[in-house]
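Student: Starting from these lines, generate the structure:
(one chain, ligands or ions: 1)
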Amino acid sequence: MFKKAIVRTPGKSMLNGISTAGLGLPDYELALRQHASYIEALKTCGLEVTVLPADEAFPDSTFVEDVALLTKKCAIITNPGADSRRGEIASMKEILKDFYENIEEVQEPGRVEAGDIMMVADHFYIGLSERTNQEGADQVIGFLEKYGMSGSVVTLKEVLHLKTGIAYLEENNLLACGEFLTKPAFQKFNIFEIDLSESYAANCIWVNGTVLVPQGYPKARATIEAAGYKVIEVDVSEFRKLDGGLSCLSLRF
Ligand code: CIR
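Tutor: Numbering: from 1, shown residues only. From the prediction side, this is the model:
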């Protein structure tokens, strides 16, 4: 069960965020409203939410998930693969001191964005992507092992981050799309396929028995409900324009 979440209000500079989506610029006012609804959804699932102020210096800083990996025993500050995002870690490190005694930090030449890391109990799958390299993954695995946990790497080709295409919904249930459907590492899970036409909805989050699902993906919603989960739909269209999904918008711990 999760008790807390950390989010960061998007700044106006989000209009300059990294994007490959080709969906146009986000509407900032709408993004703010969507972010507020996202926070409400987390609270509905029982989380105490810490809302950090917008940081205009970093256009992608609302995607807090990428800059830290939070586990039961330690926090790991990442070193983002996107150079424009590396400065996001300094303030996150300070904030996490309020919540964690044990804080580790990925160092150069290791690069990691935690959107590439999926937690399954005490094991962490780490995607090797354009943002996360082997050296970074090795450092994370070393930290995890220091605290009695474990990690393993998964290669990916088609998506930005590992969790762009996959979501663990607890109870051995995994949502997967595209290249992840056939990965040997994931065959031990009950795989619930997300149709390629709704691939954005493979990035869902399980929060204490409820699954937050992006609004507007009816097949994905039906699949998740048929698997027995309560669903809350959250509209994150403006974050999608920056390649961001539901999971990227919070750290849950
Ligand atoms: C980026 O490219 O870094 C941001 N525009 C989107 C980050 C999304 N984060 C995630 O998938 N974990």
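
Student: Please enumerate the helices of the chain.
Tutor: Along the chain, the segments classed as helices by DSSP state H run 28-44, 88-96, 134-146, 218-226, 237-240.

Student: Pick the most buried one from the ones you listed.
Tutor: Sort the helices of the chain by mean neighbour count, taking mean count of other Cβ atoms under 10 Å, and helix 237-240 sits at the top with a mean of 21. For the C-beta atoms, the positions are set from N, CA and C on the backbone; glycine is no exception.

Student: Any regions of this structure where pLDDT drops low?
Tutor: Low-confidence regions of the chain, defined by pLDDT under 70, are absent; no residue qualifies.

Student: Enumerate the residues of it near the ligand.
Tutor: Counting by Cβ under 6 Å from any ligand atom, the positions of the chain adjacent to the ligand are 17-19, 60, 63, 65-66, 82, 85, 115, 160-161, 164, 242-245, 248.

Student: hmm, 8 Å instead?
Tutor: Where proximity means Cβ under 8 Å from any ligand atom, the interface of the chain facing the ligand comprises 17-20, 59-60, 63, 65-66, 80, 82, 85, 113-116, 131, 160-161, 163-164, 203, 239, 242-245, 247-248.

Student: What segments of the stretch 51-200 of the chain are strands?
Tutor: Remark: strands of the stretch 51-200 of the chain, listed N- to C-terminal, are 68-70, 75-77, 103-105, 117-120, 123-128, 150-155, 166-168, 173-176, 190-193; assignment by DSSP state E, counting those that start in this stretch.

Student: Mind putting the ones you listed into CSV with distance to residue 4?
Tutor: Formatted as CSV, the strands of the stretch 51-200 of the chain follow (distance: least, Cβ to Cβ, whole Å):
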stretch, distance to residue 4
strand 68-70, 9
strand 75-77, 12
strand 103-105, 16
strand 117-120, 15
strand 123-128, 19
strand 150-155, 23
strand 166-168, 19
strand 173-176, 23
strand 190-193, 27
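
Student: Touching stretch 219-236 from outside, list them.
Tutor: Counting by Cβ atoms under 8 Å, 6 or more residues apart in numbering, the neighbours of stretch 219-236 from elsewhere in the structure are 34, 37-38, 41, 44-45, 169, 173, 175, 192-195, 197-198, 201-202, 204, 206, 209-216, 244-246, 249.

Student: Good, we can wrap up now.
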